[in-house]
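Novice: Okay, here's the prediction I keep looking at, along with the sequence it came from:
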Amino acid sequence: MHIDTLKNLAVDALEELKARDITQLDVAKLTEVTDLMLIASGTSTRHVAALAQNVVEKAKAAGLGPLGVEGGDNADWVLVDLGDVVVHIMMPEARTLYDLERLWADLPSDSGAIGESLERFQERASMS
């Protein structure tokens with residue numbers, strides 16, 4: 001499936017259930033794991049779970065099963081891996097704490113500096 005089609009499918013699934021603050025990050029030059037990350041906020045852990053489930057259902061309906069789903073019904077962060085697109089659905093507090101938008105924006109494209117950036121991220125995460 002073309003990446004734009006996959007992105008639109010995920011964004012439509014998020015918007016259908018009123019996800020908040022949907023952000024798109026192009027990380028193709030920073031990692032080989034995925035090309036695009038979508039980050040969205042939910043209003044409660046139930047909302048986060050429902051948003052993730054809707055993304056999974058829409059992907060399956062389009063003939064694409066997700067490669068994985070991390071997080072659960074009471075999680076404040078659920079990740080849906082669609083291959084070229086990874087969808088992060090988070091409670092606002094988790095989104096602020098982990099600040100993925102800034103983490104990926106600050107990540108340099110050379111491997112030595114990537115390790116330093118990941119160390120800073122792990123330090124921030126351990127402070128919580």
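Specialist: Structure received. Residues are numbered from 1 along each chain as shown.
Novice: For the rest of this, base every contact and every neighbour count on C-alpha atoms.
Specialist: Noted.
Novice: Tell me who's in contact with the closest residue to residue 17 other than its chain neighbours.
Specialist: Among residues not flanking residue 17 along the chain, residue 51 sits closest, at 6.4 Å (Cα to Cα, 6 or more residues apart in numbering). For residue 51, the contact set (Cα atoms under 8 Å, 6 or more residues apart in numbering) comprises 13-14, 17, 19, 42, 89.
Novice: right, and the helix or strand after the helix or strand that contains residue 51?
Specialist: In this assignment (DSSP states H and E), residue 51 forms part of helix 45-61. Next along the chain after helix 45-61, taking DSSP H and E as the criterion, comes strand 68-70.
Novice: That following strand packs against which elements?
Specialist: strand 77-81 (3 or more Cα pairs under 8 Å, 6 or more residues apart in numbering; DSSP states H and E).
Novice: Give me the distance from the strand it packs on to the chain's centre.
Specialist: 6 Å (Cα atoms, centre = their mean, to the nearest Å).
Novice: For the most centrally placed residue in the chain, which three-state class applies?
Specialist: The structure's the chain has its C-alpha centroid closest to residue 88; by Cα atoms, centre = their mean the separation is 2.2 Å. On the three-state scheme (DSSP: H, G, I helix; E, B strand; the rest coil), residue 88 is labelled strand.
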